[in-house]
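Trainee: this is a predicted model, with the sequence first.
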2 protein chains.
Amino acid sequence: MADLAPAKQDRSRATRQRLLETTIRCLAQYGWEASTVGFIAAEAGISRGAIQHHFRTREALILGALEHMFEERAALLDALPEPSETGAARVHAVVAGLVETIGGELFRAALQVWTVAAADPALRVAVVPLEKRFARGVHRRAVRLLGADDADPEVRALIQATLDMARGLALAGVLTDDSRRRSRVVRAWSAQLAAALSAA
Amino acid sequence: MADLAPAKQDRSRATRQRLLETTIRCLAQYGWEASTVGFIAAEAGISRGAIQHHFRTREALILGALEHMFEERAALLDALPEPSETGAARVHAVVAGLVETIGGELFRAALQVWTVAAADPALRVAVVPLEKRFARGVHRRAVRLLGADDADPEVRALIQATLDMARGLALAGVLTDDSRRRSRVVRAWSAQLAAALSAA
C-alpha cells in the first residue's frame, strides 16, 4: 500500500491538467457564455463535484486555467537556449517564436476572458494582475532571447512594440486564417528590429 | 405642409444616428450579452418598434452600427490633408492618427462582436467581410497619408505591421489605461518606419 499515495497523487495531477486544458479549449472553441462548469465537466469527463473540489467558482476555474497555461508558455520560452549568434536571422527566429507563443488557442481563450472583463469591473480586477504578470514575463524573456539591452529606453519600446504587433496579429488570426500574411509581416518587421538592435 | 417631409426625414436620420451611436456605446461599455435590443432601446430613448422598423434582428442592428461607425472613421481619415512633407515627424503624426482611429470606443465595441464571432460560425460569416473591408480601407488610407509606395512588398508588409501593432495597442488599452506606454511605443515604431520608408 506504500506506493498507492504517490499513484493517487499522479492521477489527481493528471486530472487537474486535463481539466485546465479542457477549460482553455472550451473557451477558445465555444466562447465564454457556453463555457459553464457543467459544460467543461462534461467535455473533460470529470464530475462537477470533482471540479468544485479544485475550484469553488467558474471564475476561479477559468482564471486558474489561464494562469496555468500562461506559466506553461513561459516555461517553453525559458527552455529555449540563449541565442548563440546575433543578426537578422536570429531576430527573425525569436520574433516568429514570440508571435507563436502569444497567438493560438491560449490567445483565443484569453480573448474571451479579456472581452468579458472589459465590460465587467469585478472580473477585470482579477484579470489585470494576471495579464500584467504574463506580459512582463514575456517581455523579460524576449529581451533575453534577443540578447538586447533593455536599459536603453528605445530598445525597450521597440520590444514592447514587437509584442503589441504580435498581439495584433493574434487578434487578426481569430476570425480568419491569415498565416501567410502573418509570415510576411513578421519577416518585414524583424528586419527593421534587427537593424535597430544592431545600431543601438 | 410642403417642407414637412424633409423635416421628418431629418428627424428620422437623427434618430437612426442616435440609435447606431448608442449601440456602439452599449457594446463598448456593457458588453455583448447586456446589449439586447430592449436595453439599447431604453438607453437610446427609442421604442423597440421603431428600432425594428430599421433593423429586423439584434445582429442586423449591431452589424449595421459597426459598419456605419467604420465608415465614419474612414471618412475622418479621408478628410485629413495629403501630407505636405515627408520625414520622421510626418510619419509619427500619421502613425499616431492611425492608432487613434483604430482604438477607442469603436474598437471596444468591435472587440465584443469579434470575440463572440470567434466562437459562432454564423456570426463570423457576417463579420469577416465587414472587417476585411474596414481593414483594407484603413490600409489604403495609411498608404496615402504616408505617401508610401504600396507596390513595394516590403513597404506593404511594414504598413500592415503598423496596423497590426495599432490593433495590439488597442487591445492592451481595453483592460488598463496604458496611454503613456502607448505614446512611447508609437514614437519608437514611427522612427523605424520613417527610416525604412525613406530607404525604400
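Mentor: Yes, it's here.
Trainee: tell me which residue is most central in chain A.
Mentor: Using C-alpha atoms, centre = their mean, the residue of chain A that lies closest to the mean C-alpha position is A:F70, 4.5 Å off.
Trainee: and it, which of the three is it?
Mentor: helix (DSSP: H, G, I helix; E, B strand; the rest coil).
Trainee: which other helices and strands contact the longest helix along chain A?
Mentor: Longest helix in chain A, counting residues (DSSP state H): helix A:4-34. Here helix A:4-34 touches helix A:37-44, helix A:48-54, helix A:58-79, helix A:104-118, helix B:104-118, going by 3 or more C-beta pairs under 8 Å, 6 or more residues apart in numbering or on different chains; DSSP states H and E. Every residue, glycine included, has its C-beta placed from N, CA and C.
Trainee: need the ones you listed in CSV (columns: mean pLDDT and distance to B:R144).
Mentor: Listed next are these as CSV, based on pLDDT from 0 to 100; distance: least, C-beta to C-beta, whole Å:
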stretch, mean pLDDT, distance to B:R144
helix A:37-44, 97, 48
helix A:48-54, 90, 54
helix A:58-79, 90, 39
helix A:104-118, 95, 31
helix B:104-118, 95, 21
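Trainee: out of those, nearest to A:R184?
Mentor: Closest to A:R184 of the helices and strands packed on helix A:4-34, according to C-beta to C-beta: helix A:104-118, at 18.9 Å.
Trainee: packing partners of the closest one?
Mentor: helix A:4-34, helix A:58-79, helix A:121-146, helix A:153-175, helix B:4-34, helix B:104-118, helix B:153-175.
Trainee: nearest to B:V94, of the ones you listed?
Mentor: helix B:153-175 (9.1 Å).
Trainee: pLDDT weak spots in chain A?
Mentor: A:1-4, A:84-86 (pLDDT under 70).
Trainee: how much space between A:E154 and A:T15?
Mentor: 48 Å (C-beta to C-beta, to the nearest Å).
Trainee: kindly apply the preceding question to A:V127 instead.
Mentor: A:V127 is 25 Å from A:T15, by C-beta to C-beta.
Trainee: can you check A:R73 too?
Mentor: 22 Å.
Trainee: pull the residues that contact stretch A:181-194.
Mentor: A:87-88, A:90-92, A:95-96, A:99, A:158, A:162, A:165, A:169, A:172-173, B:153-154, B:157-158, B:160-161, B:164, B:192-193, B:195-196 (C-beta atoms under 8 Å, 6 or more residues apart in numbering or on different chains).
Trainee: at 7 Å what do you get?
Mentor: A:87-88, A:91-92, A:95-96, A:99, A:158, A:162, A:165, A:169, A:173, B:154, B:157-158, B:160-161, B:164, B:192, B:196 (C-beta atoms under 7 Å, 6 or more residues apart in numbering or on different chains).
Trainee: with stretch A:101-120 instead?
Mentor: Contacts for stretch A:101-120 (C-beta under 7 Å, 6+ apart): A:24-25, A:27-28, A:31-32, A:62, A:66, A:69, A:73, A:76-77, A:123-124, A:127, A:138, A:163, A:166-167, A:169-170, A:173-174, B:29-31, B:108, B:111-112, B:115, B:118, B:174-175.
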